[in-house]
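Asker: Sequence below, structure please.
(chains A and B)
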Amino acid sequence: MSKPEVEIVVEDPNPPASDSPAVTSTRTVDVVAALLLLALAVLLGFDNWRTGMSWDSTGPQAGYLPFYLSVILAAACLFGIGKEFLARKQASETFVTRAQLRRVTQVFVPTLLFCVVTQWLGLYVASFLLVAGFMAFIGRIAAWKAVLTAFLFSLIMFVTFEIAFDVIMPKGPLEALFGH
Amino acid sequence: MEAFGLLIYGFSVLLTWKTLALMMVGLVLGIFVGVLPGLGGPNGVAILLPLTFTMDPTSAIVMLSCIYWGALFGGAITSILFNIPGEAWSVATTFDGYPMAQQGKAAEALTAAFTSSFIGSLVAVLLITFLAPGIASFALRFGPPEFFAVYLLTFCSFVGLGREEKHKTIISMTLGLLLAGVGMDTVSGQLRMTFGSNELLRGINFLVAVIGLFGISEILLTMEERLALRGHAASISLRVVLKVWKEMPRYWATLLRSSAIGCWLGITPGGAIAASFMGYNLAKRFAKDKDSFGKGRIEGVFAPETAAHASGTSALLPMLALGIPGSGTAAILLGGLMVWGLNPGPLLFVEHKGFVWGLIASMYLGNVVGLILVLTTVPVFAAVLRVPFSAIAPMIVVSCAIGAYAIQNAMFDIWLMLVFGVAGYVFKKIGIPLAPFTLALVLGNRAEDAFRLSMIGAAGDLRVFWSNGLVGSITTLALVLLFWPLISSALARMRSAIRRDAGLGIK
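Answerer: Just a heads-up that it's a prediction; the model follows:
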């Protein structure tokens, strides 16, 4: 029988502060999302109306089902907005605190950059940059460890997908140098 | 028994070195995925799907389903040792599993979790073996109206029986159905909702959406939390395993009950998460000393794990027999089927015998091998958690991007994945369920085709959905389920009114 002592401990180098002020409430986001979906429903509904949403001799036209689905989507969004509006006097939960938002941005922005870089330099170089950068700057891990991990990871990915499984990824000048 | 002979045939398909090796790889990757918080069964399967694109379908499905079994096993490790559910369906396992680990009985709890998982899946696989061929051959007689009725039933039961707010389930589902319709209309060949974009011409790929919704959004959500963790290390000795196994028969009622709940919720779109909670709550309700639950009772580990695995496994039954997935992960496997060029549905049992029975045989073998693997390698996988999240997060992002790109070799899909990632993050936080969206996106086109083909067949007469007993009863059942919340509250009101009248009568 193993002893009941804590043996695996992983610390978070920069945890989000628990007393951070709220950026926005769940209700606000709920309403904004519903409005966006409503706009989408109107847009798609219009497009399907243009395609043809009526019923001809052989049954429904191409736009028929999507048109009515847009109507249902719009109705559900309006219902949600109305519901939140009626409940506006009650307190709403925090959607995200400032500290949490900063952390989410810390992953989202590098991910966005990764996608941009993938277009220019290919996926494997971008992946090296993302892993190394993220580990070193956000994880505060020693630079040599970050670079080594990133290099090994990208190499393993390259060998697995490009060579072993024949899955072709976007590649850039570096891969071209090695004849891939 | 015909099923028995076919099962033997399935094993013969399976027993090659290559398939067995892929199975092991799948299991190890799956356990890995299950252990990591922020990377679950559906994400794992979705991200690793591109690995299988160049394989033959049988090897591919064996590897993918083994990832799924592995993830189911792996979820229990973090729940018990760290009190962090690696998967939503192992939340209930933490209630008694973690207290057991605190009392120094981590090895017992883990053995109990793995063994009961194994039993749960075994019951479900037996069910699949003997029920699925029958359902499939029955469904061979289905025409478009019947299929549409079954799709309708699936969609309606999500709305009617889901626990989320109804309008949010409807938003999720209609959005999925609408996005499924983007691109070329399969019946008339017209373009819909493409707004002149060449990229949208291909349509919105289901797997790209899934990778974004589950993979990227999960990373964003995980980063929000404090990522420190503390847990117990444990290794399992043979003595403990035998001790737990000797105790097990005493809990046969719990195991049986949880298996039954799991199978039911797996086949209907209730899902493993609901099953694990229900299994736990029922075990508690039937127990003599309810207070000992939550304080490290082994039964509290048996109940949710059996139910979760029975449900996760039996979710594959409707997918195989009818082409309708019973869970998010099953939906992704269905997406895989289409990528490998197979047409999901009852014909699978006729046209691709080797594939179907190889898969079923791999469920048996995968679970046995998985059980042995987790029992022997727990310390290794628990140590995976020592790897800091800041190293794992970017690697998951890269894997997601590879997955999204590989499906159609399109850079546009990587951007689409990112959009879905943000949408998934927001949806999860405001309570819009993702499962109906996933299901709608994968089934949308098939449902629409079925509807329009039945309309063409019936010259636009909606009564075709009540044209015979079978299709009529499925359609009616679907509508009853859709309005079930209204019906059940009306029934309750009627009952209380009757009671009041009766009470007045006595006075």
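
Asker: Whichever strand in chain B runs longest pairs with which strands?
Answerer: Counting by DSSP state E, the longest strand found in chain B is strand B:229-232. Strand B:229-232 has the following sheet partners, assigned by DSSP bridges: strand A:6-10 (antiparallel).

Asker: next SSE after the partner strand?
Answerer: strand A:22-25 (DSSP states H and E).

Asker: which is the next helix or strand following that next one?
Answerer: Taking DSSP H and E, what comes next after strand A:22-25 is helix A:26-51.

Asker: For that following helix, buried residues please.
Answerer: By neighbour count on 16 or more other C-beta atoms under 10 Å in any protein chain shown, the buried set for helix A:26-51 is A:26-27, A:29-31, A:33-34, A:37-38, A:40-41, A:44-45, A:47-48, A:51. All C-beta spots, glycine's among them, are computed from the backbone N, C-alpha and C.

Asker: Also stretch B:470-480?
Answerer: Across stretch B:470-480, burial judged by 16+ other C-beta under 10 Å covers B:471-472, B:474-475, B:478-479.

Asker: TSV please, covering those residues and showing secondary structure and distance to chain A.
Answerer: Formatted as TSV, the buried residues of stretch B:470-480 follow (DSSP: H, G, I helix; E, B strand; the rest coil; distance: C-beta to the nearest C-beta, whole Å):
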residue	secondary structure	distance to chain A
B:Val471	helix	17
B:Gly472	helix	20
B:Ile474	helix	19
B:Thr475	helix	16
B:Ala478	helix	16
B:Leu479	helix	15
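
Asker: which outside residues touch the host helix or strand of B:Ile261?
Answerer: Taking DSSP H and E as the definition, one finds B:Ile261 inside helix B:252-267. For helix B:252-267, contacts defined as C-beta atoms under 8 Å, 6 or more residues apart in numbering or on different chains pick out B:116, B:119-120, B:123-124, B:127, B:248, B:270-272, B:274-275, B:278-279, B:282-283, B:286, B:299, B:302-304, B:306-315, B:317-318, B:326-327.

Asker: rerun at 6 Å
Answerer: For helix B:252-267, the external contacting residues (C-beta atoms under 6 Å, 6 or more residues apart in numbering or on different chains) are B:119-120, B:123-124, B:127, B:274-275, B:278-279, B:282-283, B:299, B:302-303, B:306-307, B:310-311, B:314-315, B:317-318, B:326.

Asker: And the average pLDDT for it is what?
Answerer: Across helix B:252-267, the average pLDDT comes to 87.

Asker: I'd like the next helix or strand past it.
Answerer: Next element after helix B:252-267 (DSSP H and E): helix B:271-286.

Asker: Mean confidence (pLDDT) on the next helix or strand after that following helix, please.
Answerer: Per DSSP H and E, the first helix or strand lying C-terminal to helix B:271-286 is helix B:299-314. Mean pLDDT, helix B:299-314: 88.

Asker: Chain B: strands as residue ranges?
Answerer: B:183-184, B:191-192, B:229-232.

Asker: Parallel or antiparallel, which strands does the second one pair with?
Answerer: When sheet partners are counted by DSSP bridges, strand B:191-192 sits next to strand B:183-184 (antiparallel).

Asker: Let me know whether B:Trp466 touches B:Ser473 as I believe.
Answerer: No: at 9.1 Å, B:Trp466 does not count as touching B:Ser473 under the criterion of C-beta atoms under 6 Å.

Asker: ok, now which ones touch the closest residue to B:Ala283 other than its chain neighbours?
Answerer: Excluding the flanking residues, the one nearest B:Ala283 by C-beta to C-beta, 6 or more residues apart in numbering or on different chains is B:Ala303, at 3.6 Å. Residues in contact with B:Ala303, defined by C-beta under 6 Å, 6+ apart, are B:254, B:258, B:279-280, B:283.

Asker: Now chain B against chain A: closest residue?
Answerer: Closest contact between chain B and chain A, by C-beta to the nearest C-beta, is at B:Ser390 (2.5 Å).

Asker: Just give the closest residue to B:Ala109, not the sequence neighbours.
Answerer: In space, B:Ala109 comes closest to B:Met100 once its chain neighbours are excluded; the distance is 3.9 Å by C-beta to C-beta, 6+ apart.

Asker: Report the separation between the spatially most central residue of chain A and B:Ile273.
Answerer: The centroid of chain A falls nearest to A:Phe108 when counting by C-alpha atoms, centre = their mean (7.4 Å). Taking C-beta to C-beta, to the nearest Å as the measure, A:Phe108 falls 27 Å from B:Ile273.

Asker: what do you get for B:Glu305?
Answerer: 13 Å.

Asker: for B:Ala112, same thing?
Answerer: In terms of C-beta to C-beta, B:Ala112 sits 20 Å off from B:Ile273.

Asker: neighbour-wise, which of those two wins?
Answerer: B:Ala112 (31 against 22; other C-beta atoms under 10 Å in any protein chain shown).

Asker: residues contacting that one?
Answerer: B:244, B:298, B:301-302.

Asker: could the residues you listed go into CSV alongside neighbour count and distance to A:Gly82?
Answerer: Compiled in CSV, the contacts of B:Ala112 are given as follows (neighbours: other C-beta atoms under 10 Å in any protein chain shown; distance: C-beta to C-beta, whole Å):
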residue, neighbour count, distance to A:Gly82
B:Val244, 24, 54
B:Ile298, 23, 49
B:Val301, 34, 45
B:Phe302, 29, 46
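
Asker: Distance to B:Asn205 for the residues you listed - can I get that in CSV?
Answerer: Output for the contacts of B:Ala112, formatted as CSV (distance: C-beta to C-beta, whole Å):
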residue, distance to B:Asn205
B:Val244, 45
B:Ile298, 45
B:Val301, 39
B:Phe302, 40
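
Asker: just checking: which of those residues also lie near chain A?
Answerer: Near chain A, judged by C-beta under 6 Å from any C-beta of the partner chain, there are no entries from the contacts of B:Ala112.

Asker: Let me know the pLDDT of the residue nearest the centre of chain B.
Answerer: Geometric centre of chain B, nearest residue: B:Ser327, 3.3 Å, by C-alpha atoms, centre = their mean. B:Ser327 is assigned 74 on the pLDDT scale.

Asker: I'd assumed B:Ser314 was in contact with it.
Answerer: No: judged on C-beta under 6 Å, B:Ser327 makes no contact with B:Ser314 at a distance of 9.2 Å.

Asker: which stretches of the stretch 301-450 of chain B form helices?
Answerer: B:316-322, B:328-339, B:348-351, B:353-384, B:389-408, B:411-430, B:435-457 (DSSP state H, counting those that start in this stretch).

Asker: With chain A instead?
Answerer: In chain A, the helices defined using DSSP state H lie at A:26-51, A:64-86, A:98-121, A:123-133, A:143-157, A:173-177.

Asker: quick one: which of those helices is nearest B:Gly70?
Answerer: helix A:143-157 (19.4 Å; C-beta to C-beta).

Asker: what's the offset of that closest one from the middle of its chain?
Answerer: Here helix A:143-157 is found 24 Å from its chain centre; the criterion is C-alpha atoms, centre = their mean, to the nearest Å.

Asker: helices or strands next to it in the packing?
Answerer: helix A:123-133 (3 or more C-beta pairs under 6 Å, 6 or more residues apart in numbering or on different chains; DSSP states H and E).

Asker: Looking at chain A, which residue is nearest chain B?
Answerer: A:Gly139 (2.5 Å).

Asker: Spit out the contact partners of the spatially closest residue to that residue that is not a sequence neighbour.
Answerer: Excluding its sequence neighbours, the residue lying closest to A:Gly139 (C-beta to C-beta, 6+ apart) is B:Ser390, at 2.5 Å. By C-beta under 6 Å, 6+ apart, the residues touching B:Ser390 are A:134-135, A:138-139.

Asker: the helices in the stretch 1-150 of chain B, which residues?
Answerer: B:2-14, B:17-35, B:41-48, B:57-82, B:91-102, B:106-139, B:144-161.

Asker: before we move on, the earlier item: separation between the residue nearest to B:Ala283 and B:Leu265?
Answerer: Separation of B:Ala303 from B:Leu265 (C-beta to C-beta) stands at 14 Å.
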